[in-house]
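> Just to be clear, the model below is a prediction. Sequence and coordinates:
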Amino acid sequence: MAFVEIRDLHKHIGQTVDVRGWLYNKRGSGKIQFLQIRDGTGFVQAVMGKQDATEAEFLAASGLGIESSIEVAGEVREDKRSPIGVELTCRRLKVLQEVKDYPIQITKDVPNIDWLLDRRHLWVRSRKPHAILKVRSEAVQAIRDFYYQNGFVLFDAPVFTPASCEGTSTLFEVPYFDEKAYLTQSGQLYGESGAMAFGKVVVFGPTFRAEKSKTRRHLTEFWMVEPEVAFLELDGIMDLAESQIRFVVQRCLERCKEELKTLERDISRLEPVAKPFPRISYKDAQKRLVELKAEFEKSADPDKQKLAKDILKNGLGDDMGAADETAISMQYDRPVMIHRYPAAVKAFYMKRDPADPEYVLGVDVIAPEGVGEIVGGAQREDDLEVLLARIREHNIPMESIDWYVDLRRFGTVPHGGFGMGVERCVQWICGCEHVRETIPFPRTIYRTKP
RNA sequence: AGGGGUGUAGCUCAAUUGGUAGAGUGUCCGACUGUUAAUCGGAAGGUUGGUGGUUCGAGUCCACCCACCCCUGCCA
């Protein structure tokens, strides 16, 4: 007799099996005990009548606290009253550890998230965090499968880097023997090296940003997937982002039905990803924002009125703010792609639009429901002289980036790619209020524990 | 970094113009039950984030500090 995972119990109806796990909840009386057991793969109720086991076992069952670790043997029974369709008649109970005063309670109340994050090492056992992290696992597997199936080579970038890749963001500085190093904020430049070697590569790993962001969309440590493809231009980059996002969402819809149900996620909000994503140029977006600002100001909806105040706050022709992105994304039921931003607000490596050199061949993908930017991508500057000029303009130290310039000296070709934030993508799929719920142990400006 | 806000029982929150610190939930004990957020009865649980001030009297008013949350900016 071997241990059976709870998710497989339905295959063992009529048999006597062993199940091991933790006590999720318990009810009982002097005559019958209901032990709700979880083992990470599911939940099942083990029913122990007083006559079903020894007196000592029955007594032990009646005294068990939440999260006690146990093994039970019992007969698998079909039962319509069970949420999973089966139950165990508990014939034997072995207590591995009896637990008292488990600190996290099982209620529908939403306690202080900060208090729960202090106990994250235990909180991951609870239903909702468990479901979110399961979706994350599926999403990451989907990402890996998508790139593998499409002929990409995994090309890992270093975490220690010599200096800023973009020259804008704040980096974490770490001592490195007698010198300084920085934690990577993007593997993209390394990805470009890989693209010239393998054609299609994908960088996938943790990324660090020392910006003191304090919003529900920001982590200081997050995972980013960054495909980079030789001979791919802006339209192709947008096609790639669209099909990758679609693949990941479809996979989660197929394989995470139970988890999304646990999270009370409105699935109908995710189904429109099957349709093509709208693509709008920055210039058209600006025109649309002028209209939307006027429209929202007159709206009866107080949320829209409030939003109207912040629309185009940076001024027409400047970078788009969060309100701008929200207003545009509200016009659609699926992610929207905004392309060809002003060069002044974007990174040095983005290629200028030949049709209008004030703009770059870059694209952001804005997710619905206020999650905001989940993808940022671009066609890269592939001309040696232009790139050198950009590096000088941005005051990027040449000695830390000369290797990158080499890529334009030895067989440069048009190429590009994008970066997708895994946590923001999961945040959108799960409908999470906070991005920090989408990673097992979030790192934010004020949190490095547990 | 700027703006706004919140700190009261393990957790979620009450407490009238400044006048004896309350409930729900969880925990513990008991009863009962094919229960599933069980139910019923009882008990324990507090230096009201900290320091100082005003006052006969401060959870409440004032100052400073601490912690955290939300928004903006930066970005994924």
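Received, thanks. Computed from a predicted model, the values in this text were never measured in an experiment.
> ok, the residue of the stretch 201-350 of chain A found nearest RNA strand B - how many residues close by?
Proximity of the stretch 201-350 of chain A to RNA strand B (Cβ to the nearest atom of the strand) peaks at A:Gly321, 2.5 Å away. Just so you know, the C-beta spots here come from the backbone N, C-alpha and C atoms, and that holds for glycine as well. Residues lying near A:Gly321 (other Cβ atoms under 10 Å) number 14.
> Got the phi and psi for it?
Main-chain torsions, A:Gly321, degrees, to the nearest 10: phi -90, psi 180.
> isn't it right next to A:Asn314, touching?
Yes - the pair A:Gly321 / A:Asn314 is scored as a contact, 5.5 Å apart, by Cβ atoms under 8 Å.
> quick revisit: any idea how far the residue of the stretch 201-350 of chain A closest to RNA strand B is from A:Pro335?
Distance, A:Gly321 to A:Pro335, by Cβ to Cβ, to the nearest Å: 18 Å.
> Could you do A:Trp403 as well?
Remark: distance between A:Trp403 and A:Pro335 (Cβ to Cβ) = 34 Å.
> same thing with A:Ile396?
A:Ile396 is 32 Å from A:Pro335, where distance means Cβ to Cβ.
> Those two: which is more packed in?
More neighbours surround A:Pro335 than the other of A:Ile396 and A:Pro335, with 25 against 19 (other Cβ under 10 Å).
> quick one: contacts for the more buried one?
Going by Cβ atoms under 8 Å, 6 or more residues apart in numbering, A:Pro335 touches A:Glu242, A:Ile245, A:Val273, A:Phe277, A:Ser329, A:Val365, A:Ile366, A:Ala367, A:Pro368, A:Ile374.
> which one is the fifth one nearest to, not counting chain neighbours?
The shortest distance from A:Ser329 to any non-neighbouring residue, by Cβ to Cβ, 6 or more residues apart in numbering, is to A:Ile366 (4.6 Å).
> Run a quick neighbour tally on that neighbour.
A:Ile366: 24 neighbours (other Cβ under 10 Å).
> Check what pLDDT it gets.
Note on A:Ile366: pLDDT of 95.
> Then A:Asn25?
With respect to pLDDT, A:Asn25 has a value of 89.
> swap in A:Ala163?
67.
> what's the answer for A:Thr170, then?
79.
> mind listing what's buried in the strand or helix carrying A:Gly74?
Assigned by DSSP states H and E, A:Gly74 belongs to strand A:69-78. Neighbour-count burial for strand A:69-78 flags A:Ile70, A:Val72, A:Ala73, A:Gly74, A:Glu75, A:Val76 (criterion: 16 or more other Cβ atoms under 10 Å).
> Looking at chain A, what residue ends up closest to RNA strand B?
Counting by Cβ to the nearest atom of the strand, chain A gets nearest RNA strand B through A:Ser29, at 1.9 Å.
> list the contacts for the residue nearest to A:Val19 when sequence neighbours are not counted?
Closest residue in space to A:Val19, ignoring its immediate chain neighbours: A:Val72 at 5.5 Å, by Cβ to Cβ, 6+ apart. Residues near A:Val72 by Cβ under 8 Å, 6+ apart: A:Asp18, A:Val19, A:Arg20, A:Leu35, A:Ile37, A:Ala46, A:Leu88, A:Cys90, A:Arg92, A:Leu93, A:Lys94.
> of all the residues you listed, which comes closest to A:Lys134?
Closest approach to A:Lys134 among these (Cβ to Cβ): A:Ile37, at 18.1 Å.
> any idea of the mean pLDDT in stretch A:136-152?
In this model, stretch A:136-152 has a mean pLDDT of 98.
> residues making contact with that stretch?
Residues outside stretch A:136-152 that contact it (Cβ under 8 Å, 6+ apart) are A:154, A:200-202, A:204, A:223, A:225, A:227, A:243-244, A:247-248, A:251-252, A:255-256, A:420, A:422-423, A:425-426, A:429, A:438-439.
> quick one: that stretch near RNA strand B?
No - under the criterion of Cβ under 7 Å from any atom of the strand, RNA strand B is not reached by stretch A:136-152; the shortest gap measures 12.9 Å.
> Return the set of buried residues in that stretch.
A:Arg136, A:Glu138, A:Ala139, A:Val140, A:Ala142, A:Ile143, A:Phe146, A:Tyr147, A:Phe152.
> just to revisit the earlier point, would CSV of the buried residues of strand A:69-78 with distance to RNA strand B and pLDDT be doable?
What follows is those, written out as CSV (distance: Cβ to the nearest atom of the strand, whole Å; pLDDT from 0 to 100):
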residue, distance to RNA strand B, pLDDT
A:Ile70, 15, 93
A:Val72, 14, 94
A:Ala73, 16, 94
A:Gly74, 11, 92
A:Glu75, 10, 93
A:Val76, 12, 94
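> List just the nearest of those residues to A:Gln188.
Nearest to A:Gln188 among those: A:Ile70, at 49.1 Å, using Cβ to Cβ.
> Residue ranges in the stretch 51-200 of chain A under the pLDDT threshold?
Counting by pLDDT under 70, the stretch 51-200 of chain A shows low-confidence ranges at A:107-111, A:163-169.
> A:Leu219 in helix, strand or coil?
Counting by DSSP: H, G, I helix; E, B strand; the rest coil, the backbone at A:Leu219 sits in coil.
> try A:Ile280
Counting by three-state DSSP, the backbone at A:Ile280 sits in strand.
> Quick one, grab the pLDDT at it.
pLDDT, A:Ile280: 95.
> Roughly how far does A:Gly370 sit from A:Glu271?
Using Cβ to Cβ, one gets 19 Å for the distance from A:Gly370 to A:Glu271.
> Neighbours of the closest residue to A:Phe34 other than its chain neighbours, how many?
Nearest residue to A:Phe34, sequence neighbours excluded (Cβ to Cβ, 6+ apart): A:Arg27, at 4.7 Å. When neighbours are counted by other Cβ under 10 Å, A:Arg27 registers 10.
> In a strand, A:Arg27, correct?
Yes - A:Arg27 sits within a strand when classified using three-state DSSP.
> That one contacts A:Val47, correct?
No - with contact defined as Cβ under 8 Å, A:Arg27 does not count as touching A:Val47 (10.4 Å).
> Identify the contacts common to the two.
Joint contacts of A:Arg27 and A:Val47 (Cβ under 8 Å, 6+ apart) are A:Gln33, A:Phe34.
> Need the pLDDT of A:Thr438.
pLDDT recorded at A:Thr438 is 94.
> Spit out the contact partners of it.
Each residue near A:Thr438 by Cβ under 8 Å, 6+ apart is listed here: A:Ile132, A:Leu133, A:Arg136, A:Val422, A:Glu423, A:Arg424, A:Val426, A:Gln427, A:Cys430, A:Cys432.
> How is the residue nearest to A:Ser329 assigned, secondary-structure-wise?
Following three-state DSSP, the label given to A:Ile366 is strand.
> give the contact list for it.
Contacts of A:Ile366 by Cβ under 8 Å, 6+ apart are A:Glu325, A:Ile328, A:Ser329, A:Pro335, A:Val336, A:Met337, A:Ile338, A:Gly372, A:Glu373, A:Ile374.
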